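Asker: model this:
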Amino acid sequence: MISPPGWSGVAFSERSDGDLRHDPKARSSLTASIGIDEDWAEVTQVHGDTVIEATESGAVGEADALWTRQRGLPLAVFTADCLGVVLVARGAVGVAHAGWRGMAAGVVGKLRAAMSEAGHVPIRAAVGPGIGPCCFEVGPEVAELFAAVATTSWGTDSVDLRAEASRQLPNLEVWTANGCTFHDPGWFSHRLEGTTKRLGTIGWVP
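Answerer: Down below sits the predicted model:
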């Protein structure tokens, strides 16, 4: 498990933590290690830009971002190349699942806007592990959707999803996890392995 140094209320799992989407034992072990409830609020992820306010644990609907002002209620999204992003505000927290489709739709910025409109303006953000621009090969129809166009290590078009997340969060302190899920062994990668196992991005109001 990794988290921004000195922060509370934010956690990103690693491969060694197990499959947090499907394995209850892995979830129980992680939650015990960080001292939170193992009953999380979750969404059915659809690679879009819908944002939902969560008031209780369990499935809260189809969306790719959720936020809460309920103290101690963990929120979770699950990834294996897409980014997990946590927004921290005074008295609230938000979590987004941000692949290229969601990022192109502005899901991270829309989560920030939803929290701000409810009176909980995010003051900082944490961006979890995901596929890096070194390995995220895309076609021109995807590259043209982004300002953060890059090049893979083998010379083809790529998108820097981390840079795009930061672009959607101007004037905010942003911490970003290092590494690339595609070529670093510490995480799950759907693109590399075709795995159904998922990392967890978890946020809560301590």
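Asker: so how far is E53 from the closest residue to H120 other than its chain neighbours?
Answerer: Using CB to CB, 6 or more residues apart in numbering and skipping residues adjacent in sequence, the residue nearest H120 is A92, 3.5 Å away. Just so you know, the C-beta spots here come from the backbone N, C-alpha and C atoms, and that holds for glycine as well. Distance of A92 to E53, given as CB to CB, to the nearest Å: 9 Å.
Asker: pretty sure the residue nearest to H120 is touching S116, no?
Answerer: No: A92 sits out of contact with S116 when judged by CB atoms under 8 Å, with a separation of 10.0 Å.
Asker: out of these two, which sits in the more crowded spot?
Answerer: Just comparing A92 and S116: by other CB atoms under 10 Å the higher neighbour count belongs to A92, 22 against 14.
Asker: can you pull up the bridge partners for that one?
Answerer: For A92, the beta-bridge partners are A89 (DSSP bridges).
Asker: quick one: the strands in this protein?
Answerer: Ranges of strands in the chain, per DSSP state E, are 10-12, 41-44, 51-53, 58-62, 65-68, 75-79, 83-89, 92-98, 122-127, 149-151, 157-159, 173-176, 199-203.
Asker: Give me the local confidence score for the residue nearest to H120.
Answerer: pLDDT for A92: 98.
Asker: who's in contact with it?
Answerer: Taking CB atoms under 8 Å, 6 or more residues apart in numbering, we find A92 in contact with W67, T68, R69, M115, A118, H120, V205.
Asker: roughly how far apart are the residue nearest to D39 when sequence neighbours are not counted and L73?
Answerer: Spatial nearest neighbour of D39, excluding adjacent residues (CB to CB, 6+ apart): S57 at 3.9 Å. Distance from S57 to L73, counting by CB to CB: 6 Å.
Asker: quick one: common contacting residues for those two?
Answerer: Counting by CB under 8 Å, 6+ apart, the residues touching both S57 and L73 are D37, A41.
Asker: Any stretches of the chain with poor pLDDT?
Answerer: When residues are selected by pLDDT under 70, none of them lie in the chain.
Asker: quick one: the helices in it?
Answerer: 24-34, 100-105, 107-117, 140-143, 161-167, 190-193 (DSSP state H).
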